[in-house]
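Novice: just need the structure, nothing else, for what follows:
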Amino acid sequence: MRSSSANACLCVFLLVVPAGAGLAQTYPGKPIRMIIPAGAGGTVDTIGRLIGPKLSEALGQPVVADNRPGAGTMVGSELLAKSPPDGHAILMMTNSHAINASLHKQLPYDPVKDFGPVILVATSPYLVVIHPSVPAKSIKELIAVARQRPGQLNFSSAGTGSGTHLAGELFKYLAKIDIVHVPYKGGSAAQIGLASGEVGIMFSGPIASAALRKANRVRALAITSAKRAPTLPDLPTVAEAGVPGYESGSWYGVVVPGRTPAAIVTRLNQEIGKIMKMKDVQSRIERLGADATGTTPGEFAALLESDIARWARIIPAIGL
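Specialist: Numbering: from 1, shown residues only. This is a model prediction of the structure:
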């Protein structure tokens, strides 16, 4: 009887293991929808469209970008969460997802259970950029102007709950100033608001503001990372420029719906991991002011959960 039981278990094992391997080999069976929870032209959109064609080549199926901006990335997140867990819908997730978990009491999805982390692909700081109409050439001068005009200066963001929003709120809190948040529907719209002078300040991704900075339509004062960026060595950090303890930034990763088979998650992780090691991809991401990364699904899951916990502490402290 023991021999029969052992043989039965072995048969089940042999049936299950090839099934998982076979699933990874036959996937994908149709085009893959890459949901980008922001408008065209921003950092997350640029990174998604950089990865998409190469992933299509690796998997043998089209990877179709689907921009779904709105509600601080929640529109795109909800769409992904409600998609079939078969790997044919993926989401370019940003750190806004972790922020939303504490900023909103009711979400149309579970921020952890409804998502399957695949791989972290990039991290990036923000730049503090201002419209030329704001009479400041440094962070200290910006703080002085804000204190002289309480409630009169405003800052744009990609939407309530976005990383650009919370970066501004954290700056406001630590610098002890009163500046007004103006949410836009996506980072590109927020950049237009800054360039036109509708708002005076923005915490922007380096690529998003690059063209405006080059044309002298906006001015960068500092970078939000803990250390200066090699690509912008003359730009001080916000902390060293007058706000001790300040640090903020964004991250970008690929996720699938929760309950997606592990074999599919592994296949996507392997293929995207290879893409992130390509020299042309790393060079392009560096030009965006970001750092190309690559993690295991477990490492990305740990980052997501730790970031959710971090903002759960910060958001009540800054009064949101």
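Novice: what does the domain assignment say about the protein?
Specialist: 2-124+250-317, 140-241 (automatic domain parsing).
Novice: and those domains, which one averages the lowest pLDDT?
Specialist: In terms of average pLDDT, domain 2-124+250-317 trails the rest of the domains of the chain, at a mean of 88.
Novice: go through this structure and flag its longest strand.
Specialist: Longest strand in the chain by number of residues (criterion: DSSP state E): strand 115-124.
Novice: partner strands of that one and their direction?
Specialist: strand 250-257 (antiparallel), strand 291-292 (antiparallel) (DSSP bridges).
Novice: can I get the ones you listed in TSV with distance to L55 and mean neighbour count?
Specialist: All C-beta spots, glycine's among them, are computed from the backbone N, C-alpha and C. As requested, those are exported to TSV (distance: least, C-beta to C-beta, whole Å; neighbours: other C-beta atoms under 10 Å):
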stretch	distance to L55	mean neighbour count
strand 250-257	9	24
strand 291-292	15	19
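Novice: nearest to Q148, of those?
Specialist: Checking the strands paired with strand 115-124 against Q148 by C-beta to C-beta gives strand 250-257 as the closest, at 30.6 Å.
Novice: what about the closest one, distance to the chain center?
Specialist: From the chain centre to the centre of strand 250-257 is a distance of 7 Å (C-alpha atoms, centre = their mean, to the nearest Å).
Novice: between the helix or strand that contains I90 and strand 115-124, how big is the angle?
Specialist: Using DSSP states H and E, I90 sits in strand 89-94. Taking axes from the mean of the first three to the mean of the last three C-alpha atoms, to 10 degrees, one finds strand 89-94 and strand 115-124 inclined to each other by 40 degrees.
Novice: contacts for strand 89-94 next, please.
Specialist: 32-38, 44-45, 47-48, 73, 76-77, 79-80, 83, 115, 118, 162-163, 250-257, 268, 304 (C-beta atoms under 8 Å, 6 or more residues apart in numbering).
Novice: give the pairing partners of it; include direction for each.
Specialist: Here, using DSSP bridges, strand 89-94 pairs with strand 32-36 (parallel), strand 250-257 (antiparallel).
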